[in-house]
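Asker: can't give you the sequence, but here's the structure:
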């Protein structure tokens, strides 16, 4: 039977007159994944910082393995076996060092460690740790040269090298692809089997359904709901987190009949079923479905990155057969791709250059960029979409993940278009940034059609006039975003019968 590893009772914390935690009780048990859900301002981060020794509480108590736990600081919490891997991956690794040094850094810096480092022995020990975590990269590789998923895994491996009693993962899939997330979940399964108590901070339904043993919802500094393994009610957990049902959103669907993009008998892959779809002017459509449903293929077909297996497309009543992304952009079809780290952000560029990159010709004369025109446009977009920065000359790497994503969305809003495709526009952002982005997308949607590709149901509900469901390449459902039948929507997504 699982036993409590960490117990928090009556935790209270205020910053000035702002009471952030109002008597939190939380227990984490061996071999259990507890998912912590909460909107911005719910108190999640403050609670985690108290557990990790960064803050002390004003009232309350904690126990670790049945003994009073009052960490003197973050280092003391680490020594006692409470480890956190934060959403900003570079907080858990040193990018300029190689994999081996990162994995062995705690051994190298502990009291009594030798002044001289034997490289061969260091790499040998690091390779053992890497192998135990199914990491296959060369341990001599510099961490900054790795992709986000591998850096994430190294941060977790480094945490596991400390043999944690409690492991805290803060939005660990926010910047991962579906295949990378699957790899992470396999690792979490192994850690759970080893008896580690895991606190997993997320609101993503796909994550929670995959790994949660229990869900704790927070709202306004308090625990607002606890859902155990025999009652993992995700919709109930979201309701407890938000204070209202997931389907209760402040959207009046824009129902119009003004086709801009028409798909006729489109088949995304050979032997996949054909379907029809119409996207109207002024309409925001969310396309949702599980991994492999065809969402990404559909986005690629519309943007000219792939050819459909069959069928035709029309744009504004004329045949539309893009042979490349450049051809699509020339026809007024823009796309913001998912995975901004690999497909969008140019880290050596500042905000202005990143945002205006596809339209540099429009801001140039005789091959010279007209800086004033460029900066006026990008500064205006920064203000419109609410990007937190000093100026448009800030390097994009200095921004948070949410603000980087706002730059990527703002890029494709700089110039008017007929069709705007947004593939996972909320990837790697918190709920607050998600709502800022979603609101701006809706506010600017009247002169185009907007198609948003999202895996998460709540993201679709928050932004769309109409929700389209794909399942194994087939269009299996369309829902006007008003008085939604959530059970029917989920059944279409999963391919199961509605309850």
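Answerer: Here it is on my side, so go on. Note that the structure is a prediction, hence the values are computed from the model and not measured.
Asker: can we go C-alpha only for contacts and neighbour counts from here?
Answerer: Fine.
Asker: next, count neighbours for the residue lying closest to residue 73 once chain neighbours are set aside.
Answerer: With sequence-adjacent residues excluded and distances taken as CA to CA, 6 or more residues apart in numbering, residue 73 is closest to residue 53, at 4.4 Å. Per other CA atoms under 10 Å, the neighbour tally for residue 53 reads 20.
Asker: need the contact list for residue 53.
Answerer: By CA atoms under 8 Å, 6 or more residues apart in numbering, residue 53 lies in contact with 70-77.
Asker: what's the answer for residue 410, then?
Answerer: With CA under 8 Å, 6+ apart, residue 410 has these contacts: 355, 381-382, 385.
Asker: show me where the stretch 351-499 of the chain has helices.
Answerer: 351-356, 371-385, 401-411, 431-443, 457-463, 486-494 (DSSP state H, counting those that start in this stretch).
Asker: circling back: what is the most widely separated pair among the contacts of residue 53?
Answerer: 70 and 75 (12.2 Å; CA to CA).
Asker: isn't residue 346 up against residue 354?
Answerer: Yes - counting by CA atoms under 8 Å, residue 346 does reach residue 354; the two are 6.3 Å apart.
Asker: what residues are shared contacts of these two?
Answerer: In contact with both residue 346 and residue 354: residue 396, using CA under 8 Å, 6+ apart.
Asker: domains for this protein, by residue range?
Answerer: In terms of domains, the chain is parsed into 4-242, 259-494 (source: automatic domain parsing).
Asker: average pLDDT across the last one?
Answerer: Mean per-residue pLDDT for domain 259-494: 86.
Asker: buried ones among the contacts of residue 53?
Answerer: Burial by neighbour count, judged by 16 or more other CA atoms under 10 Å, picks out 70-71, 73-74, 77 from the contacts of residue 53.
Asker: mark which of those are part of strands, please.
Answerer: Using DSSP state E, no member of the buried ones among the contacts of residue 53 falls in strands.
Asker: among those residues, which are located in helices?
Answerer: Assigned to helices by DSSP state H, the following of those qualify: 74, 77.
Asker: nearest to residue 144, of the buried ones among the contacts of residue 53?
Answerer: residue 74 (24.8 Å).
Asker: pLDDT weak spots in the stretch 101-250 of the chain?
Answerer: By pLDDT under 70, the low-scoring segments of the stretch 101-250 of the chain are 106-118, 148, 174-179, 230-231, 246-248.
Asker: ranges for the strands of it?
Answerer: Remark: strands assigned in the stretch 101-250 of the chain by DSSP state E, counting those that start in this stretch are 166-170, 197-201, 214-219, 222-227.
Asker: can you give me the helices for the stretch 201-350 of the chain?
Answerer: According to DSSP H, counting those that start in this stretch, the helices that the stretch 201-350 of the chain contains are 205-211, 234-242, 295-302, 325-330, 340-343.
Asker: got those as TSV, with mean neighbour count and distance to residue 446 columns?
Answerer: Formatted as TSV, these follow (neighbours: other CA atoms under 10 Å; distance: least, CA to CA, whole Å):
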stretch	mean neighbour count	distance to residue 446
helix 205-211	16	30
helix 234-242	20	29
helix 295-302	22	20
helix 325-330	17	19
helix 340-343	14	26
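Asker: quick one: which of the ones you listed is nearest residue 62?
Answerer: Smallest distance to residue 62 across those (CA to CA): 23.8 Å, for helix 234-242.
Asker: got a list of contacts for the closest one?
Answerer: Counting by CA under 8 Å, 6+ apart, 37-39, 205, 215-219, 224-227, 244-246 sit against helix 234-242.
Asker: neighbouring contacts of the strand or helix carrying residue 19?
Answerer: Per DSSP states H and E: residue 19 is located in strand 18-29. Identification of contacts with strand 18-29 by CA under 8 Å, 6+ apart yields 2-14, 34, 41-43, 46-47, 60, 166, 197-199, 220-223.
Asker: strand partners of the helix or strand following it, parallel vs antiparallel please.
Answerer: Moving toward the C-terminus from strand 18-29, the first helix or strand encountered (DSSP H and E) is strand 33-38. Sheet pairing of strand 33-38 (DSSP bridges) gives strand 197-201 (parallel), strand 214-219 (parallel).
Asker: most tightly surrounded among the ones you listed?
Answerer: Among the strands paired with strand 33-38, the stretch with the highest mean neighbour count (mean count of other CA atoms under 10 Å) is strand 197-201, at a mean of 26.
Asker: hmm, back to that, please convert the domains of the chain to JSON lines, extending it with distance to residue 251.
Answerer: Formatted as JSON lines, the domains of the chain follow (distance: least, CA to CA, whole Å):
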{"stretch": "domain 4-242", "distance to residue 251": "16"}
{"stretch": "domain 259-494", "distance to residue 251": "8"}
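Asker: dump the strands of the stretch 101-250 of the chain to a markdown table, plus distance to residue 286.
Answerer: Formatted as a markdown table, these follow (distance: least, CA to CA, whole Å):
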| stretch | distance to residue 286 |
| --- | --- |
| strand 166-170 | 27 |
| strand 197-201 | 25 |
| strand 214-219 | 26 |
| strand 222-227 | 29 |
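Asker: hey, what's residue 168 bridged with?
Answerer: Applying DSSP bridges to residue 168, the residues it is bridged with are residue 84, residue 199.
Asker: wouldn't it be in contact with residue 52 here?
Answerer: No - between residue 168 and residue 52 no contact is recorded; they are 9.1 Å apart, counting by CA under 8 Å.
Asker: anything in contact with each of those two?
Answerer: 82-84.
Asker: nearest to residue 95, of the residues you listed?
Answerer: residue 84 (17.8 Å).
Asker: doesn't residue 50 make contact with the closest one?
Answerer: No - between residue 84 and residue 50 there is no contact under CA under 8 Å: 11.6 Å.
Asker: neighbour count winner among those two?
Answerer: More crowded of residue 84 and residue 50, by other CA under 10 Å: residue 84, with 27 against 22.
Asker: now do that one, the pLDDT please.
Answerer: Taking residue 84 on its own, its pLDDT is 88.
Asker: need the contact list for the closest residue to residue 300 other than its chain neighbours.
Answerer: Closest residue to residue 300 apart from its sequence neighbours, by CA to CA, 6+ apart: residue 306 at 5.5 Å. By CA under 8 Å, 6+ apart, the contact list for residue 306 reads 297, 300, 323.
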